[in-house]
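**Student:** The following block contains a protein sequence and its predicted model.
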There are 4 protein chains.
Amino acid sequence: MRREEIEDRLLTFKDICRVKVRFNDTDMMGIVHFKNYLVYFDDGFVSFMNNFLAPVRVENTVHLGTAFGVKKVEITYEGSAKFGDYIIVETTIKKIGTSSIQFHHDLFRERDNALLATVDCVRLAIDIKKNHLVPVLDFFSNYSQL
Amino acid sequence: MRREEIEDRLLTFKDICRVKVRFNDTDMMGIVHFKNYLVYFDDGFVSFMNNFLAPVRVENTVHLGTAFGVKKVEITYEGSAKFGDYIIVETTIKKIGTSSIQFHHDLFRERDNALLATVDCVRLAIDIKKNHLVPVLDFFSNYSQL
Amino acid sequence: MRREEIEDRLLTFKDICRVKVRFNDTDMMGIVHFKNYLVYFDDGFVSFMNNFLAPVRVENTVHLGTAFGVKKVEITYEGSAKFGDYIIVETTIKKIGTSSIQFHHDLFRERDNALLATVDCVRLAIDIKKNHLVPVLDFFSNYSQL
Amino acid sequence: MRREEIEDRLLTFKDICRVKVRFNDTDMMGIVHFKNYLVYFDDGFVSFMNNFLAPVRVENTVHLGTAFGVKKVEITYEGSAKFGDYIIVETTIKKIGTSSIQFHHDLFRERDNALLATVDCVRLAIDIKKNHLVPVLDFFSNYSQL
């Protein structure tokens, strides 16, 4: 696939995944602790990548030496979830830079569709062994050829 | 203490605390996972509150029915920490709204003073039982009188 | 249902659930940190309870005032899991005391069926508000009537 | 140091460390979730090792290629801790096998000295690169010479 095609496909791709709230995700307020939403949207990222790269799995791209390191997270909390709730994570890409890529995640509570959090997350494509940045589109075009 | 005095004191107060990186804070990249920095700066928040309110402890304000819920987090990662590192968390307040308060945290690696992350975190003062917002300065003036 | 029937059903019931290993479940050794297996077998416990009590959900029994607190855990590690692995948790009950109940969990790696851990976990039925023990079979017979 | 001396010293050494309970260590029951006691006694293990091996630090032995992997944990819960509590972890060694070593940890709540949990934890000395077992006393005699 050519880079323009990959870029177009990335910018129009949308992933939806579902995460269950565990008992130990809650804190003494009886609701999910704010740090755990980072785990939930990271599930959205992994799901997006796996569905986009299928049949290549992002779990393997990590073992192969490239990873998307998190550079910046901006998260706004709009509601709260409880033990046993299911969270729906909708993931899209907002912007593609040279070595950076900005994901957007909306997190909803499944039972009433209430918005729980919105996230903008900038990630950098990194060659783990050489420890330097890799062009984002190289990352995707390499794996799309596997 | 009058509200103006509390506000002045809050806006000039600075807290420094020290957090040890645990083995299980790391991930397979060998460095601290990005979600754990939320735990570290939350330690900075607790330390700030306890030093500001001393001898009142924020752990007790939670039991008494008020809490500072996290509304928004903006975190930028500038470096990484490893198992055994100590993180220095510097905490100040950037802005005080009616029911909101914006904390700023800078996280450094102790051994070489490298900046690891900067955080802006907006929190809301909440009456837990009534589940409504409380003016920030009421929160502080009540506890300062204890 | 009579107590003897509940007891018989409990001792022959078997639950199988599937848990995905997250990136942040790993540590710098590249494998799942030993504490996270407690989260996995707790998923097995919740799944067992929900399938046994269906349509009542254990998430609601917690809100209603009873819970199974963990009294003792004995876990032996036989293998290790990586990011992206799926864990199969098989859960049965080994023994029912007056207020205690002993669960047994076997955790397998799905891709090759390797045994990762075996767990014996004693839980106590607790009335959360009154903070005292409840007979295990009362717990189940109450909820089975809902 | 000769092996007999190391063994004697290990079996009589006692470490005491202090851990603060974080807000996010609690769950919706208002008390520390049972999995977090594994983090607390692991702090006890790290503290024991660092005080025993001083000035060598166990954090560095991990980077150098040996680690003590957890083989078995037996934990009994006797009480519960809350946000803001300090936990005192007392660590001793109960038994030294060829490649295995059994640690014992007692966890107390600092404010009233209440026993919260007792732990027996068997660990195996592992050469991480070669992925095979190492004699425990070799591990200690190597590092004692650094």
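**Tutor:** On my side now, so go ahead. Numbering: from 1, shown residues only, chains lettered A, B, ... in the order given.

**Student:** Could you use CA atoms for every contact and neighbour count after this?
**Tutor:** Fine.

**Student:** what's in contact with the helix or strand of chain A with the lowest mean pLDDT?
**Tutor:** The weakest-scoring helix or strand in chain A, judged by mean pLDDT, DSSP states H and E, is helix A:58-64 (a mean of 76). Outside helix A:58-64, the residues within contact range by Cα atoms under 8 Å, 6 or more residues apart in numbering or on different chains are A:46, A:49-50, A:67, C:83-84.

**Student:** In that helix, which residues are buried?
**Tutor:** For helix A:58-64, a neighbour-count test (16 or more other Cα atoms under 10 Å in any protein chain shown) marks A:58-59, A:62 as buried.

**Student:** Pick out whichever of those residues sits closest to chain B.
**Tutor:** Using Cα to the nearest Cα, residue A:62 comes nearest to chain B of the buried residues of helix A:58-64, at 8.9 Å.

**Student:** For the one residue sitting closest to the centre of chain A, which non-adjacent residue is spatially closest?
**Tutor:** Central residue of chain A (Cα atoms, centre = their mean): residue A:45, 1.8 Å from the mean position. Leaving aside its sequence neighbours, residue A:45 sits nearest to residue A:91 (Cα to Cα, 6 or more residues apart in numbering or on different chains; 6.9 Å).

**Student:** before we move on, which element is that neighbour in?
**Tutor:** Of the helices and strands defined by DSSP states H and E, residue A:91 is found in strand A:86-96.

**Student:** likewise residue A:41?
**Tutor:** helix A:36-53.

**Student:** then that helix to CSV, C-alphas only?
**Tutor:** Extracted in CSV, the C-alpha atoms of helix A:36-53 (Å, rounded to 0.1, in the frame of the first residue of the first chain):
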residue,chain,number,x,y,z
ASN,A,36,-7.4,3.4,35.4
TYR,A,37,-9.0,5.2,32.5
LEU,A,38,-5.4,5.2,31.0
VAL,A,39,-5.6,1.4,31.1
TYR,A,40,-9.0,1.5,29.4
PHE,A,41,-8.0,3.8,26.5
ASP,A,42,-4.8,1.9,26.1
ASP,A,43,-7.0,-1.2,25.4
GLY,A,44,-8.6,1.0,22.7
PHE,A,45,-5.2,1.8,21.2
VAL,A,46,-4.2,-1.9,21.2
SER,A,47,-7.6,-2.9,19.7
PHE,A,48,-7.3,-0.1,17.0
MET,A,49,-3.8,-1.3,16.0
ASN,A,50,-4.7,-4.9,15.9
ASN,A,51,-7.8,-4.3,13.8
PHE,A,52,-5.9,-1.9,11.5
LEU,A,53,-2.9,-4.2,11.0
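
**Student:** Now do residue A:41 against chain C, distance only.
**Tutor:** 12 Å (Cα to the nearest Cα, to the nearest Å).

**Student:** Ok, residue A:46 next?
**Tutor:** 9 Å.

**Student:** for residue A:22, same thing?
**Tutor:** 8 Å.

**Student:** Which residue comes closest to that residue once chain neighbours are left out?
**Tutor:** Nearest non-adjacent residue to residue A:22 (Cα to Cα, 6+ apart): residue A:83, at 5.6 Å.

**Student:** secondary structure class for the one you found?
**Tutor:** Following DSSP: H, G, I helix; E, B strand; the rest coil, we place residue A:83 in the coil state.

**Student:** Run through the residues that contact it.
**Tutor:** A:21-23, A:25-26, A:31-32, C:59.

**Student:** The residue nearest to residue A:45: neighbour count?
**Tutor:** 27 (other Cα atoms under 10 Å in any protein chain shown).

**Student:** that older thread, narrow the contacts of residue A:83 to those in helices?
**Tutor:** Among the contacts of residue A:83, the members found in helices (DSSP state H) are residue C:59.

**Student:** Among the contacts of residue A:83, find me the one that's closest to chain D.
**Tutor:** residue A:26 (5.0 Å).

**Student:** Grab the nearest non-local neighbour of the closest one.
**Tutor:** Using Cα to Cα, 6+ apart, the nearest residue to residue A:26 is residue A:32, at 4.0 Å.

**Student:** now the nearest residue to residue A:127 once chain neighbours are set aside: how far from chain D?
**Tutor:** The shortest distance from residue A:127 to any non-neighbouring residue, by Cα to Cα, 6+ apart, is to residue A:66 (4.7 Å). When Cα to the nearest Cα is applied, the distance between residue A:66 and chain D equals 21 Å.

**Student:** Just the element for residue A:18, please.
**Tutor:** Going by DSSP H and E, residue A:18 is in strand A:15-20.

**Student:** pretty sure residue A:10 contacts residue A:93?
**Tutor:** Yes. Counting by Cα atoms under 8 Å, residue A:93 is a contact partner of residue A:10 at 6.7 Å.

**Student:** Quick check, pLDDT for residue A:1.
**Tutor:** The score at residue A:1 is 68. That number is its pLDDT.

**Student:** do residue A:41 as well
**Tutor:** The model's pLDDT for residue A:41 equals 98.

**Student:** Neighbours of it, how many?
**Tutor:** Neighbours of residue A:41 (other Cα under 10 Å): 28.

**Student:** Doesn't residue A:124 lie inside a helix?
**Tutor:** No. Read with three-state DSSP, residue A:124 is strand and lies in no helix.

**Student:** ok, the nearest residue to it once chain neighbours are set aside - contacts?
**Tutor:** Among residues not flanking residue A:124 along the chain, residue A:100 sits closest, at 4.5 Å (Cα to Cα, 6+ apart). By Cα under 8 Å, 6+ apart, residue A:100 lies in contact with A:122-125, A:135-136.

**Student:** Check the gap between residue A:100 and residue A:138 for me.
**Tutor:** 12 Å (Cα to Cα, to the nearest Å).

**Student:** Residue A:91 now?
**Tutor:** For residue A:91, the distance to residue A:138 - Cα to Cα - is 21 Å.

**Student:** near chain B, which residues of chain A show up?
**Tutor:** Within chain A, the positions lying close to chain B (Cα under 8 Å from any Cα of the partner chain) are A:34-36, A:38-39, A:70-78.

**Student:** burial count for residue A:77?
**Tutor:** 18.

**Student:** so what's it closest to, chain neighbours aside?
**Tutor:** residue A:117 (4.5 Å).

**Student:** before we move on, back to that, going by neighbour count, which residues of the strand holding residue A:18 are buried?
**Tutor:** Buried residues in strand A:15-20 (16+ other Cα under 10 Å): A:15-19.

**Student:** That strand vs helix A:36-53, what angle?
**Tutor:** 140 degrees (axes from the mean of the first three to the mean of the last three Cα atoms, to 10 degrees).

**Student:** How far away from the center of its chain is strand A:15-20?
**Tutor:** 11 Å (Cα atoms, centre = their mean, to the nearest Å).

**Student:** So what are the sheet partners of that strand and their directions?
**Tutor:** Its sheet considered, strand A:15-20 pairs with strand A:86-96 (antiparallel) by DSSP bridges.

**Student:** which parts of the strand it pairs with are buried?
**Tutor:** So for strand A:86-96, counting by 16+ other Cα under 10 Å, buried means A:86-94, A:96.

**Student:** Let me know the average pLDDT across it.
**Tutor:** Mean predicted lDDT for strand A:86-96 stands at 98.

**Student:** What distance do you get for the nearest residue to residue A:86 once chain neighbours are set aside to chain B?
**Tutor:** Take residue A:86 and drop its neighbours on the chain: the residue closest to it by Cα to Cα, 6+ apart is residue A:20, 4.5 Å away. Separation of residue A:20 from chain B (Cα to the nearest Cα) stands at 18 Å.

**Student:** now residue A:20: how far from chain C?
**Tutor:** 10 Å.

**Student:** what sits against that residue?
**Tutor:** A:84-87.
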